[in-house]
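Enquirer: with the input below, show me the fold.
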Amino acid sequence: MKIYTLHAKQNLPITMEEAWNFLSNPKNLKVITPDYMGFNIQSGADRPMFAGQIIEYIVTPILGIKTKWVTEITHVVDKEYFVDEQRFGPYALWHHKHFIKEIDGGVEMEDLLHYKLPFGILGQLVHPFLVKPKLNEIFEYRKNKLVELFGAI
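Expert: As a prediction, this is how the structure comes out:
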């Protein structure tokens, strides 16, 4: 069983309050997701983030194939971190930690994602040329979009 990791950090010139309000609002995930993914929240984003929150999405990650994705917000510590875990969707495992901390001139955002692909060895074979590049592209888009919205340090 192969578990992959994606680690990303980004500094933004905004207050902790601004960062938390934006990043912990599930509706803003659409803002920082590439348009071609057809990201659409179906339910669960109608109130501020809380532990136990279930959010249902429709996404089109590859080849125009629409996929239902259900995540649960499993942990929330106000203005420090939150964790989302896939309950139903394209991955065999998806555990995504979002950390935010104050630094000189703004905040540091840190993402730590652990994921496992379905289909055993077949999933492992497509990872290096399909899944990993797509995830890197999505996180790079998000990084650029946040700079566009808030600037850079």
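Enquirer: what is the longest helix along the chain packed up against?
Expert: Using DSSP state H, we find that the single longest helix of the chain is helix 132-150. Identification of packing neighbours for helix 132-150 by 3 or more C-beta pairs under 8 Å, 6 or more residues apart in numbering; DSSP states H and E yields strand 4-12, strand 106-116. Where you see a C-beta, it was placed from the backbone N, CA and C, and this is true even at glycine.
Enquirer: and if we set it to 10 Å?
Expert: strand 4-12, helix 16-23, strand 106-116 (3 or more C-beta pairs under 10 Å, 6 or more residues apart in numbering; DSSP states H and E).
Enquirer: report the buried residues of the second one.
Expert: In this case it means helix 16-23. Under the neighbour-count criterion of 16 or more other C-beta atoms under 10 Å, helix 16-23 has Ala19, Trp20, Phe22, Leu23 buried.
Enquirer: strand partners (parallel or antiparallel) of the helix or strand following it?
Expert: Per DSSP states H and E, helix 16-23 leads on to strand 40-43 as the next helix or strand towards the C-terminus. Using DSSP bridges, the strands paired with strand 40-43 are strand 53-59 (antiparallel).
Enquirer: and the contacts of the strand it pairs with?
Expert: With contact meaning C-beta atoms under 10 Å, 6 or more residues apart in numbering, strand 53-59 is reached by 26-27, 29-30, 33, 37-47, 49, 65-74, 76, 82, 84, 87-90.
Enquirer: and the buried ones among the residues you listed, selectable in PyMOL?
Expert: PyMOL command restricting those to the buried ones, with burial defined by 16+ other C-beta under 10 Å:
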select buried, resi 26+29+33+37+38+39+44+45+49+69+70+71+72+73+76+82+84+89+90
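Enquirer: the helices and strands packed on helix 132-150 into a markdown table, with extra columns for distance to Gln124 and mean pLDDT?
Expert: A markdown table is the format used below for these (distance: least, C-beta to C-beta, whole Å; pLDDT from 0 to 100):
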| stretch | distance to Gln124 | mean pLDDT |
| --- | --- | --- |
| strand 4-12 | 9 | 98 |
| helix 16-23 | 31 | 97 |
| strand 106-116 | 10 | 98 |
